[in-house]
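**Q** my questions concern the predicted model and sequence given below.
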Protein chains: 2
Amino acid sequence: MTPLKSTSVTIRQVADAAGVHFSTVSRALNPATRRLVKPQLAKKVQEAAHRLGYHANAAASSLRTGRSKVVGVIVPDLGSMLFPPILEGIDAEFQKSGYMTIIGHTANDDQQQRRILAGLSERQVDGLIIATATLDEPVTGSLLNGRVPVVLINRTDSTGRTPAVLHDDLKGIHLAFEHLVALGHTNIAHLAGPSVLSTGSLRLRGFRLAHQEMLAGAKLGPVVEAKSFSVEAGKVACLSLLKRNKRVTAIVAANDLLAIGCYEALSELGLKCPDEISVTGYNNTAFSGLVRPALTTVNLRLRDMGIEAARMLAGLMSGNAGNADVVLRPSLVVRGSTAPAPTR
Amino acid sequence: MTPLKSTSVTIRQVADAAGVHFSTVSRALNPATRRLVKPQLAKKVQEAAHRLGYHANAAASSLRTGRSKVVGVIVPDLGSMLFPPILEGIDAEFQKSGYMTIIGHTANDDQQQRRILAGLSERQVDGLIIATATLDEPVTGSLLNGRVPVVLINRTDSTGRTPAVLHDDLKGIHLAFEHLVALGHTNIAHLAGPSVLSTGSLRLRGFRLAHQEMLAGAKLGPVVEAKSFSVEAGKVACLSLLKRNKRVTAIVAANDLLAIGCYEALSELGLKCPDEISVTGYNNTAFSGLVRPALTTVNLRLRDMGIEAARMLAGLMSGNAGNADVVLRPSLVVRGSTAPAPTR
DNA sequence: CAAGTGGCTGCAAACGTTTGCAATGGCATT
DNA sequence: AATGCCATTGCAAACGTTTGCAGCCACTTG
């Protein structure tokens, strides 16, 4: 009843300006239907639209078509340095197809996550990329009453039913382990991440497999699980690890922050890295090259992960089956935190 | 004509279930109009809505009201570690009022920025937070045909007409400078950031003012401008600085990355930090405490900046005037990169 | 007791698109 | 010359809300 805003240009005004019916304007402006209108007329319409500064009203379009050209992305923690490159990749890829992304930040809080999902549902997102999967709380195949396709990223849940974009963590740990073995280390420990996260538990498994394969004779190296992926937790875990295992000469940390925690533990114990103990990280976080010693770590293709997830979701949104995961191959970046095993 | 999706629950179905007219459902579900319907009925409606799993269709609501409950945030570079905390603050604050944020990532590309603005305009965002302001390309007071209120964050443009949330950079540099003077330094240089960014030019001005005030007698310390806020640019600039100024004992860098660049330059020249030359950074980036020596730097309240910007934008969206900026107070974090001036 | 009052609910018109269908006109086919 | 076909355009009905207005009823008031 009340005209809440009279400012913005509608399709009808463009129609008047071009002297055609407004439905023709709609067809002329939409690439998918443009072939239905005579090229010459289409051009006239486009010029009129441009002259008037017309912008389609996505709300109306979305209401009519049921699709919003918006996808939701849910991350646990923006501050972790892991997600910004991923988000950037997602954004870059979706820019090509005209989608925009709403990001939701859960701060690892389930309540919050539910609120965010509700908000995204209301806003009719066409798809969802979720980076908060945990092994104990599986994500149902497609949330939001099955209306919306979902892809997981970075982590997966326990069901494995939802398509995901991941890194080959087994491979990544293998690379680090292999590097240490080549340096002559035989007493290698693992500083593991939380086992409820797929990244934490997979890397532990990778460690066991690598150990079995490359140090078949020796008994499994010591493992300690950090409470969280943080410097502090890494330091605590590393201290307890070294207290009980004096012969360790190398530590494979499940994460760069944990590796930095090792640095702190080592300096507290008066041990030199890498001369007495080698340390490897995981993620190749931005600071990896800046700390001293510069950290030898496993490089993840985070931006590519975002791109792949966006592509996969685009596929799902246009009706593809989505029965395959994408698994990216990590690589090793050798820096200064690893050295030949000390001779005793 | 064709029912594109029949799955989702509408207001009418809830109305049928509750035995009332659908307009009553609308009123009962909207907190702002709930007082118009008898409490008992309202409860019945809410129960029915909950039972059917009703979620409002934001597209329809947005079409009718002209407001989308979505705000846009434009950042130049997600990877810079500066913006994630800001985004988090924005998100946290808006969560309270039911807004969600679409983030646009320009990669410092004007073309891209225009595309993003168009996309946000189409999607009827109710407000805009912009972190990409530069001094040479002023942001018009309210973009998108004046329909949408805008607040700038972190950087401002040259006009100063758009409300902004900033840090007091003059104060921040003052703190660093003061600290160095207290340590006995008298030959202090500035490694400046790009002068087209308000952060770059303001910090330079801060340096000049601080120098004038605290080292009134001495002539102004040497200044060199880095091409960009990056480690590499910092190294290059620092090398050229030290080549021409042998007597410098302390460097105030405009940014942590530039400070790290100094570290590299110093180690290349065989100079010890902090024994021979002290260095201060700016931003207190996550890695500041991890590098060696740990960096003395100016701490910014990034998350608070996001919160303040969100509050300010909320104010503008509800009709406030917006004729005041918010200026946050930085603080100094003293770590290991600064020491008493060497005696000659 | 009539008239007014106010609380509650129903009615229906937008908001700006998209799109099936109908109408038109030009052209080729029989 | 009548018919059919195709290309192009117009027409109008949704999509699911919000909200001014009108109607209804139960009260209070003079």
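**A** Done, it's in.
**Q** low-confidence stretches in the stretch 51-200 of chain A?
**A** Counting by pLDDT under 70, the stretch 51-200 of chain A shows low-confidence ranges at A:135-146.
**Q** mind redoing it with 50?
**A** Scanning the stretch 51-200 of chain A for pLDDT under 50 picks out A:141-142.
**Q** near DNA strand C, which residues of it are found?
**A** A:54, A:56, A:57, A:60, A:61, A:63, A:64, A:65 (Cβ under 7 Å from any atom of the strand). Glycine gets a C-beta too; all of them are placed from N, C-alpha and C.
**Q** is it possible to get a markdown table of those residues that adds secondary structure and neighbour count?
**A** Listed next are those as a markdown table, based on DSSP: H, G, I helix; E, B strand; the rest coil; neighbours: other Cβ atoms under 10 Å in any protein chain shown:
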| residue | secondary structure | neighbour count |
| --- | --- | --- |
| A:54 | coil | 20 |
| A:56 | coil | 18 |
| A:57 | coil | 21 |
| A:60 | helix | 16 |
| A:61 | helix | 19 |
| A:63 | helix | 19 |
| A:64 | helix | 12 |
| A:65 | helix | 13 |
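**Q** near DNA strand D, which of those residues show up?
**A** Contacts with DNA strand D within these, counted by Cβ under 7 Å from any atom of the strand: A:60, A:63, A:64.
**Q** could you list which residues are in contact with the first one?
**A** Pointing back at residue A:60 there. B:59, B:63 (Cβ atoms under 8 Å, 6 or more residues apart in numbering or on different chains).
**Q** quick one: residue A:179 and residue A:297 touch, right?
**A** No - contact criterion Cβ atoms under 8 Å: residue A:179 and residue A:297 do not qualify, at 10.5 Å.
**Q** list residues touching both of these two?
**A** Shared contacts of residue A:179 and residue A:297, counting by Cβ under 8 Å, 6+ apart, come down to A:280, A:332.
**Q** which one of the two has more residues nearby?
**A** residue A:297 (28 against 19; other Cβ atoms under 10 Å in any protein chain shown).
**Q** not counting its neighbours along the chain, what's nearest residue A:277?
**A** Nearest residue to residue A:277 in three dimensions, chain neighbours excluded: residue A:271, at 5.4 Å (Cβ to Cβ, 6 or more residues apart in numbering or on different chains).
**Q** hang on, the one you found in a strand?
**A** No - under the criterion used here (DSSP: H, G, I helix; E, B strand; the rest coil), residue A:271 is coil, not part of a strand.
**Q** what about it, how many residues nearby?
**A** Residues near residue A:271, counting by other Cβ under 10 Å, number 14.
**Q** for it, give me phi and psi.
**A** Dihedral pair for residue A:271: phi -100, psi 140, per degrees, to the nearest 10.
**Q** ok, it touching residue A:278?
**A** No - shown here, residue A:271 and residue A:278 do not form a contact pair, counting by Cβ under 8 Å, at 10.9 Å.
**Q** rewinding a little: any idea how far chain B is from the residue nearest to residue A:277?
**A** To chain B, residue A:271 is 16 Å away according to Cβ to the nearest Cβ, to the nearest Å.
**Q** where exactly do the helices run in chain A?
**A** For chain A, helices defined by DSSP state H occupy the ranges A:11-18, A:22-29, A:39-52, A:58-65, A:83-97, A:110-122, A:169-182, A:198-214, A:231-244, A:256-269, A:302-317.
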